[in-house]
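Engineer: here are the coordinates; sequence isn't available:
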């Protein structure tokens, strides 16, 4: 768990301010960005890829849940 937290923090600090404000997982974790983050943080590219996969899956799950809840009823 501590290692995962460290990876998340390192990735966060490797991002630009714009990327932090608008975290588009597909744009953030393309091949070039993974290499750039790896160079800045000394993380293995594989570690970043695993984090990316988890991040994208969680984002997709959240969207699915929101769709299941449907639009709010307005009174």
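Structural biologist: Noted; the coordinates are in hand. Remember, it's a predicted structure, so these values are computed and weren't measured experimentally.

Engineer: And the most centrally placed residue in the chain, which helix or strand is it part of?
Structural biologist: When the chain is reduced to its mean C-alpha position, the closest residue under Cα atoms, centre = their mean turns out to be residue 55, at 4.5 Å. Assessed by DSSP states H and E, residue 55 sits inside helix 45-69.

Engineer: Run the chain-centre distance for that helix.
Structural biologist: Chain-centre distance of helix 45-69: 8 Å, with Cα atoms, centre = their mean, to the nearest Å.

Engineer: Quick check: mean pLDDT of it?
Structural biologist: The pLDDT scores in helix 45-69 average 79.

Engineer: which strands and helices sit next to that helix?
Structural biologist: In terms of contacts (3 or more Cβ pairs under 8 Å, 6 or more residues apart in numbering; DSSP states H and E), helix 45-69 is packed against helix 2-14, helix 25-28, helix 31-41. Heads up, the C-betas are built off the backbone N, CA and C, glycines and all.

Engineer: Pull out the buried residues from that helix.
Structural biologist: Neighbour counts over helix 45-69 (16 or more other Cβ atoms under 10 Å) mark 47, 48, 51, 52, 55 as buried.

Engineer: Setting aside sequence neighbours, what's the nearest residue to the third one?
Structural biologist: It refers to residue 51. Spatial nearest neighbour of residue 51, chain neighbours left out: residue 7 (5.6 Å); criterion: Cβ to Cβ, 6 or more residues apart in numbering.

Engineer: Number of residues surrounding the one you found?
Structural biologist: Neighbours of residue 7 under the rule other Cβ atoms under 10 Å: 18.

Engineer: Quickly note the distance from it to residue 69.
Structural biologist: 31 Å (Cβ to Cβ, to the nearest Å).

Engineer: now do residue 42
Structural biologist: 41 Å.

Engineer: quick revisit: I figured the residue nearest to residue 51 was touching residue 47, is that so?
Structural biologist: Yes - between residue 7 and residue 47 there is a contact under Cβ atoms under 8 Å: 5.8 Å.

Engineer: Cool, thanks, signing off.
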